[in-house]
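Q: Model the following, please.
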Amino acid sequence: MSEHRRDQKVEAVIALMVTSDTRTLETDETGKKALHLLEEEGHKVAEHIVVGNDTARIREAFEGFLEDDRIQVIITSGGTGVGMRDKTVDAVSGYFDKKLEGFGELFRRLSYEEIGVAAMISRAVAGVADGKLIFCLPGSSGAMETALKRIILPALGHMLWELKRK
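A: Numbering: from 1, shown residues only. Purely as a prediction, here's the structure:
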């Protein structure tokens, strides 16, 4: 009988894509926060890029991450709202083999506790594509911290274990 473990500790290899027309690697505080939190937990960020809010450019970068055998987890930051420039969720979610509905539900509930009803306009989403975990998060530093500290990091080992289970 296989063991169902929820406390798996891993050192994952992660790609981080920030979508923004105004931020750079130097000015993106949300990306810096993500790097710090991920590395603090022993994970390796193999790629960290900023891509403009353009569907084709987002897909091109995302496909590169999917093709990279080192990468186990892809995290995007930005493009999850309802504005005209918010394209990340639409560009990426079509690649999902499976959608993790509970992630978005839990993220919006936790966000509601922090920011109130504005949480309902977040389209934060997670899924699995080509055996990799994908998390599309809002571009705010607070949202990144909430998602990483309260959802992703505590569950990452278990989720990766489940993906590899036969």
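Q: residue contacts, the closest residue to Val89 other than its chain neighbours?
A: Of all residues not flanking Val89 in the chain, Arg123 sits nearest, at 4.7 Å (CB to CB, 6 or more residues apart in numbering). In short, each C-beta sits where N, CA and C put it, glycine included. By CB atoms under 8 Å, 6 or more residues apart in numbering, the contact set of Arg123 is Thr80, Gly81, Val82, Asp86, Val89, Gly104, Cys136.
Q: Isn't Leu110 up against Lys149?
A: No: counting by CB atoms under 8 Å, Leu110 does not reach Lys149; the two are 9.8 Å apart.
Q: more neighbours, these two?
A: Leu110 (17 against 13; other CB atoms under 10 Å).
Q: Do you have the strands of this protein handy? List them.
A: Secondary structure of the chain (DSSP state E): strands at 13-19, 44-51, 73-77, 98-99, 125-129, 132-137.
Q: Just the buried ones from the contacts of Arg123?
A: Neighbour counting by 16 or more other CB atoms under 10 Å classes Thr80, Gly81, Asp86, Val89, Gly104, Cys136 among the contacts of Arg123 as buried.
Q: what bridges to the last one?
A: Listed by DSSP bridges, the beta-bridge partners for Cys136 are Thr76, Val125.
Q: Pretty sure it sits against Thr76.
A: Yes: contact criterion CB under 8 Å: Cys136 and Thr76 qualify, at 4.7 Å.
Q: which residues do those two both contact?
A: Counting by CB under 8 Å, 6+ apart, the residues touching both Cys136 and Thr76 are Thr88, Val92.
Q: what's the longest helix in this structure?
A: Across the chain, the longest stretch assigned as helix under DSSP state H is helix 101-115.
Q: can you state the direction angle for it and strand 125-129?
A: For helix 101-115 against strand 125-129, the angle by axes from the mean of the first three to the mean of the last three CA atoms, to 10 degrees is 150 degrees.
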